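Asks: this is a predicted model, with the sequence first.
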Amino acid sequence: MDSATLYVLAAAVLFGIGVHGLIVSAHLMRKLFAINIMGSSIFILLVATATPISGQADPIPQALVLTGIVIAVSATAFGLALMVRMSQETGKATLAVEDEPENDD
Amino acid sequence: MTTEALALIVFLPLLAAAGAVVLPTAWLGLSIRVGLMPLPLLLLIPTLEVLENGAYRIALAGHSAPLGIAWQLDPLSLLMLWLNVGMTLLISLHANCSFRPGQPHAHRFWPLWLLLFAGMNALLLSADLFNIYVTLELVTLTAIGLIALEGKPPALRAAMRYLLLALLASLLYLLGVGLIYGQTGVLDLYLLAERLAPGWLSVTAIALMIVGLLIKAAIFPLHAWLPAAHGNAPGPVSAILSAMVVKVSIYLIWRLWFWGVPEWDLDRAALLLGVLGGMAIVYGSLAALVQQRLKLIIAYSTVAQLGYLLLLFPLASTLAFQAASYHLLSHGMAKAAMFLAAANILRSLGTDRLRHLAGIDQRLPLDVFALALGGVSIMGLPPSGGFLAKWLFLEAAWSARAWSWLILIALGGLLAAAYLFRVLAVVCLHPRRRGNHRHLKRTPDTASLAAMLLAVGAIIAGFTSAPILDLVEAGLPPGLPR
Amino acid sequence: MIGLALDLLIIVSLIGLAIQSINAASLFRGILHFVVLGLAMSLAWARLDAPDLAMAEAAIGAGVTGALMMIAYRRLIEIQPDQESSLRPPPSRLAVPIALAAGALVGVIGLAAIQAEPMPALAGTAVLENLGSTGLGNPITGVLLLFRGFDTLLEITVLLAALLSAQAVTRQVDLDQSLTTQDPDTPLVGALLAIVVPLTVLVSVHLLKAGGQETGGAFQAGAVLAACGVLLVLTGRLGASRQYSPLVNTGLLVGLLSFILIGLAPLLWGQPLLALPGLWAIYWIESAMMISIALTLVLLFAGAGSLKRRDHG
């Protein structure tokens, strides 16, 4: 088994962990962890499956992932600010279903 | 000239957004004007180019694909650009009342608004799958920031849910893009047709991208985030979200489907998408029927109306394409008009609960009229853009002998009539209509004017269809049946 | 063989840390695990022959994200010290099957992608062929600034959008609460800053300069510089401010503005849009982006619209 295969398998496990965390976590910060872990797993997959070009790593997937990492941090930073504000307004950092009647003003 | 004009169409709003952040508040109004007002004039130049010579392509930085990123303007993207520019400008007229420079949230609103505008223009021009991903993120983040802007708990919750789902959707899209790069070695959408063979891996890649885009487009059953987000956002934001932001995702699916992989045999997938569209129409309409708040009714109506845009896949003909494009256009204007009118009502009344709306037609005649005109187009009553779009859909289904779609389209119109008449009945016919509205706040005239202009536009669209339909036809992918 | 063992070790820790960060008993421990997960990711990138990503992950993924999460956590416990006792996890009978299916799908896709007939990576090959004529040694910098520069331009726009969106939802009332915890005026702090600050600035400038030829670039450099800014905030040298500051706002935008203006300029003399006129333009844009990225990150950390200097005798 070569290391690319190993990392692909790791990506699969990480993705599963992320999905599970996204579903079962109540706290928004943990949901953000989960989304970030899923993102990392996709990033690993993109780089590990890239075909080298005459012995050299293909720069395109790496450049795309670099962009992806910055975008993930941007979204996470905004998500954290949103979470803090939610917690200031409602006292809780969660999206719990029970306190969300659809027709509230 | 065309290149320069297109460059400014993307970069002028970006520069204006930067100006709105850097410059002192006194200059905010100037930044807004610079970033918005020249755009229709600028867009004329590429319009003439496309009408004369067809699709126009720019290799950014002079590096043509596959090395670099390209912009491609063809009749369909031209139509979308006009739609985005026109509606953003009209809605900005309204936003200039609720977020007039100097008011509490204005200096937060306008930079995000301009960035959203620039991001949509860049998205519509981009021919590069990864570049589209970046523009989608820009659009999503600014849109969510705008939803949460006023900091009300329901809007914050809706924004958070939207953010999590949108991030998930982006990941699926990105995974698809990566797989396609592995399969073809290119990222340019218009190079896929000849390079992407239909193996299961490439099918999975396209499917992942489409699912991601369906989440962002809030297509049933992935719609759950939309009503709360669109229903709780500030008025102008709801308007642009429903009119444009969700639709560009569907536009991208059209692109992938008919331009990216036109040779693939996708009949069953097309049927599946059509069924989803049908379920969206039925479910969204029924949900709109039972809502108690005006903005939520309009938001659920968006869920329903988006469904029509998916009927293009099973019908897949020139007529269906014209119908879907025209639906996109007329629904955009009608829905923006309704959201703006609803925002004016909400602002005047302090609530948009249906039972409080009895009799407001006497106090807010212009807004109620705009709401009704928008409703006429959404229901598909003649003469309106919505009528024409539904008519074209019926014609497309008829000539494809697709009876079940035909019935569905007709049913959708009836359901829309039901949920919209329910609103109008309360407003205009309710027995308690001499309700006491003395505490009403006045709506600024331009706010009502913006809603009216959009509503009238949605009606006029019923008369001036020929050039637009010709434009759509000129931009169709090769090999589509009549 | 040693390589394989190393890979296994990294992978096991990735998985362990991921599980821990989501399931740790306390949220704070979760954050710690998440930060260490970023470092493990960075090792994974190094093993996957992606040194630029390794550095970006360490600086941005682990460092910046970690700092942002810590400060968000602090703000949360100021509101409600006990963050999780009242939270009921959502019903989750389907969570495990869904997670298994999703993981399996990703695994199957990945394995199939590895085993698929290798296609000629046209874009990547074109990058490596054209790199020689640009004067750059690092193909990734070539992609990010020259060949696909528009991606990067939009990427810093996304970062700006995230900041603006975050500011839009940040309540401005409780801004002036200081972020400093300890007495910032002990002499030791001053001495520490006198060493650390110039050093981090030096490192980020080096990273920036190196980016052209080897590993590095504006994002990594900006993140390191941001760390320096965060330190200044934490020690009370820089404070959150509500006041409009032309200097801060210009710094925030200088990267994007430089990129746009230098990108538009070639149209004036008949060159293609965004065709950067020479290496100087690349270095200028990268330096400007570094400053903007660093400032954006510090403002995100401070949760403020602006910054002001605070004097400590």
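Replies: Here it is on my side, so go on.
Asks: chain A versus C:E214, what's the distance?
Replies: Look at C:E214 and chain A: by C-beta to the nearest C-beta, to the nearest Å, they are 13 Å apart. Bear in mind the C-beta positions are built from the backbone N, C-alpha and C, glycine included.
Asks: and B:V248, by the same measure?
Replies: Separation of B:V248 from chain A (C-beta to the nearest C-beta): 18 Å.
Asks: please, which helix or strand holds that residue?
Replies: helix B:246-254 (DSSP states H and E).
Asks: relative to B:L83, how far out is the closest residue to chain A within chain B?
Replies: Nearest residue of chain B to chain A (C-beta to the nearest C-beta) works out as B:G178 at 3.9 Å. Applying C-beta to C-beta, to the nearest Å, the value for B:G178 to B:L83 is 31 Å.
Asks: need phi/psi at the nearest residue to C:S245 once chain neighbours are set aside.
Replies: For C:S245, ignoring the flanking residues on the chain, the nearest one in space by C-beta to C-beta, 6 or more residues apart in numbering or on different chains is C:S306 at 4.7 Å. The phi and psi values for C:S306, taken as degrees, to the nearest 10, are phi -160, psi 170.
Asks: neighbours around residue 77, how many?
Replies: I'll assume chain A. Per other C-beta atoms under 10 Å in any protein chain shown, the neighbour tally for A:A77 reads 27.
Asks: wrong one, chain B
Replies: Neighbour count of B:S77, defined by other C-beta under 10 Å: 24.
Asks: ok, B:M379 - contacts?
Replies: The contact partners of B:M379, taken as C-beta atoms under 8 Å, 6 or more residues apart in numbering or on different chains, are B:G386, B:G413, B:A416, B:A417, B:L420.
Asks: hang on, the earlier thing: between B:G178 and B:L83, which is the more surrounded one?
Replies: The neighbour comparison of B:G178 against B:L83 (other C-beta under 10 Å) goes to B:G178, with 29 against 22.
Asks: show me what the helix or strand hosting that one is packed against.
Replies: Taking DSSP H and E as the criterion, B:G178 maps to helix B:153-184. Counting contacts by 3 or more C-beta pairs under 8 Å, 6 or more residues apart in numbering or on different chains; DSSP states H and E, helix B:153-184 packs against helix A:28-48, helix A:59-90, helix B:129-148, helix B:192-195, helix B:200-216, helix B:226-232, helix C:95-115.
Asks: and the angle for the second one with helix A:28-48?
Replies: Using axes from the mean of the first three to the mean of the last three C-alpha atoms, to 10 degrees, the inter-axis angle of helix A:59-90 relative to helix A:28-48 is 180 degrees.
Asks: can you tell me the SS state at C:G239?
Replies: strand (DSSP: H, G, I helix; E, B strand; the rest coil).
Asks: gap between it and chain A?
Replies: 19 Å.
Asks: where does the chain dip in pLDDT?
Replies: As the question left the chain open, I've gone with chain A. Chain A contains residues with pLDDT under 70 at A:1, A:97-105.
Asks: let's do chain C instead
Replies: C:85-91, C:173-185, C:311-313.
Asks: pop the domain breakdown of it in here.
Replies: C:1-80, C:138-313 (automatic domain parsing).
Asks: rebuild those as a markdown table, extending it with mean neighbour count.
Replies: Below are the domains of chain C laid out as a markdown table (neighbours: other C-beta atoms under 10 Å in any protein chain shown):
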| stretch | mean neighbour count |
| --- | --- |
| domain C:1-80 | 20 |
| domain C:138-313 | 20 |
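Asks: of all those, which one is nearest A:T67?
Replies: domain C:138-313 (5.1 Å; C-beta to C-beta).
Asks: picking that back up, for B:Y173, find the nearest of the helices and strands packed on helix B:153-184.
Replies: The nearest among the helices and strands packed on helix B:153-184, by C-beta to C-beta, is helix B:200-216 at 3.6 Å.
Asks: that closest one near chain C at all?
Replies: Yes. Using C-beta under 8 Å from any C-beta of the partner chain, helix B:200-216 reaches chain C at B:W200, B:L201, B:T204.
Asks: got the angle between that helix and helix B:246-254?
Replies: Using the same axes, to 10 degrees: helix B:200-216 against helix B:246-254 is 170 degrees.
Asks: in helix B:200-216, which residues are buried?
Replies: Across helix B:200-216, burial judged by 16 or more other C-beta atoms under 10 Å in any protein chain shown covers B:201-206, B:208-216.
Asks: C:L264: which of the helices and strands packed on helix B:153-184 is closest?
Replies: The nearest among the helices and strands packed on helix B:153-184, by C-beta to C-beta, is helix B:129-148 at 17.8 Å.
Asks: that closest one packs against which elements?
Replies: Using 3+ C-beta pairs under 8 Å, 6+ apart, helix B:129-148 sits against helix A:59-90, helix B:106-125, helix B:153-184, helix B:200-216, helix B:235-240, helix B:246-254, helix C:149-169.
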